[in-house]
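> Sharing a sequence plus its predicted fold:
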Amino acid sequence: MIDLQDMRALVEVITNGGFARAARRLRVAKSIVSRRIARIEAELGATLLNRTSRGITPTEAGLEFSERAQRILDDLAEARDIVSCQNGEVAGRLRVSLPLSFGLRHMTPLLTALHAAHPRLELDVSYDDSVVDLLAERFDAAIRIGKLPDSTLVARRVAPISLIVVASPAYLEKHRTPRVPKDLSAHECLVYTGSREKQAWRFQSGGRRLSFFPMGRFQSDNGEGLIQAAEAGLGVAALPDFIVSDSIKAGLLVPLLTGYSLQEGAIYVVRPPGRIVAAKTRAFMDVVVEHFGAATTNKQTNDRREAQVAFLHATPPLGVPI
């Protein structure tokens, strides 16, 4: 009978494109992975991988066997999840996908606490701004920010996200402070390119709604790059409150156009579809919702007001409206 660990080794080798990457994923030596593949091939009497100096490629038999092996491993994992759900045990490997800036700034402490609270839980975390396919890449859950497109994923709304228009004090010393959205057309804007569609800054004040399409010489597909550019005085940026709040408190950035709001979706925690939710996935989703729930909105509002008042008193010549 073929060992389940040998099957897993084959799946990881084909999925990750080599023995070394599979070994890292499985946390074993490369030689152990090689022996496991050799055992399967000997048991089946077939070559599953073509080995050349340029790497490995699966044979047709290897692809067929790997696909069915993956189904067996998934069924076994689901069976274990059913049992763990019944006894409430949080165990196994939890694969989560997190946006880079939000994940590093806000999720790492939460994951650390989750890991400490459940000794049998393993965490496999991917920090990446790209929207991954949870089913194809076998993720248990993900954090998504913005507006969710229609899909089969199960989503829970965690907290609203607002954009704040900011610039550095050094930039504002050289350029007139914008007082209404149309003033931004005379400014160098820092443009986010991480979305498939061109993003507008959508302002709202009372019943008025205004859309502005930013243009500038500095563009980035990541919030960390934009915030560093803003702090360096390269231009005006519109960034989520969870990214800019610390820089505003430290006086590195100044909130602008505070009489207008920019609402930009929300934070969601999502999981693949299915009636059975593993205890590990439920634990992750619950702790995210609890931590970033209603308190998030209150904290963000207070942070913005404190930063605006502090800057007004510190540098009145800039005339920042509040």
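Perfect, I can see it now.

> which residues in the protein form helices?
Per DSSP state H, the chain has helices spanning 4-16, 19-26, 30-44, 60-87, 100-102, 108-117, 169-174, 223-231, 241-249, 279-291, 294-314. These are given in chain order.

> Could you list the low-pLDDT ranges of this structure?
Counting by pLDDT under 70, the ranges of the chain that qualify are 81-88, 150, 196-197, 263-264, 275, 294-322.

> Residue 102: what's it in contact with?
When the contact criterion is CB atoms under 8 Å, 6 or more residues apart in numbering, the partners of residue 102 are 143, 145, 240, 242, 243, 267. Where C-beta positions appear, they are placed from N, C-alpha and C, glycine not excepted.

> 10 Å instead, please
For residue 102, the residues meeting the contact criterion (CB atoms under 10 Å, 6 or more residues apart in numbering) are 127, 129, 143, 144, 145, 161, 223, 240, 242, 243, 267, 292.

> With residue 141 instead?
Taking CB under 10 Å, 6+ apart as the criterion, residue 141 is in contact with 94-98, 134, 153-154, 156, 269-272, 277-278, 280-282, 284-285, 288.

> Break this structure into its domains for me.
As assigned by automatic domain parsing, the chain contains the domains 4-86, 88-159+267-298, 162-266+307-318.

> Could you find the closest non-adjacent residue to residue 47?
Here the nearest residue to residue 47 in space, its sequence neighbours aside, is residue 59; by CB to CB, 6 or more residues apart in numbering that works out to 5.5 Å.

> number of nearby residues for the one you found?
Around residue 59 there are 14 other residues, counting by other CB atoms under 10 Å.

> wait, isn't it in contact with residue 49?
Yes: in terms of CB atoms under 10 Å, residue 59 counts as a neighbour of residue 49; the distance is 6.8 Å.

> Now do the shared contacts for these two.
If you check residue 59 and residue 49 against CB under 10 Å, 6+ apart, the residues they both contact are residue 41.

> Regarding the chain, what is its longest strand?
Of all the segments assigned as strand in the chain under DSSP state E, the longest by residue count is strand 154-167.

> buried stuff in that strand?
Within strand 154-167, the residues that qualify as buried are 154, 158, 159, 161, 162, 163, 164, 165, 166, 167, counting by 16 or more other CB atoms under 10 Å.

> strands paired with that strand, and their directions?
In the sheet, strand 154-167 lines up against strand 237-240 (antiparallel), strand 254-256 (antiparallel), strand 262-271 (antiparallel) (DSSP bridges).

> how many degrees apart are it and helix 241-249 in direction?
Put simply, strand 154-167 runs at 30 degrees to helix 241-249, going by axes from the mean of the first three to the mean of the last three CA atoms, to 10 degrees.

> Would you mind giving the orientation angle of strand 154-167 with respect to helix 279-291?
Using the same axes, to 10 degrees, strand 154-167 lies at 40 degrees relative to helix 279-291.

> What does residue 207 show for phi and psi?
According to degrees, to the nearest 10, the main-chain angles of residue 207 amount to phi -90, psi 0.
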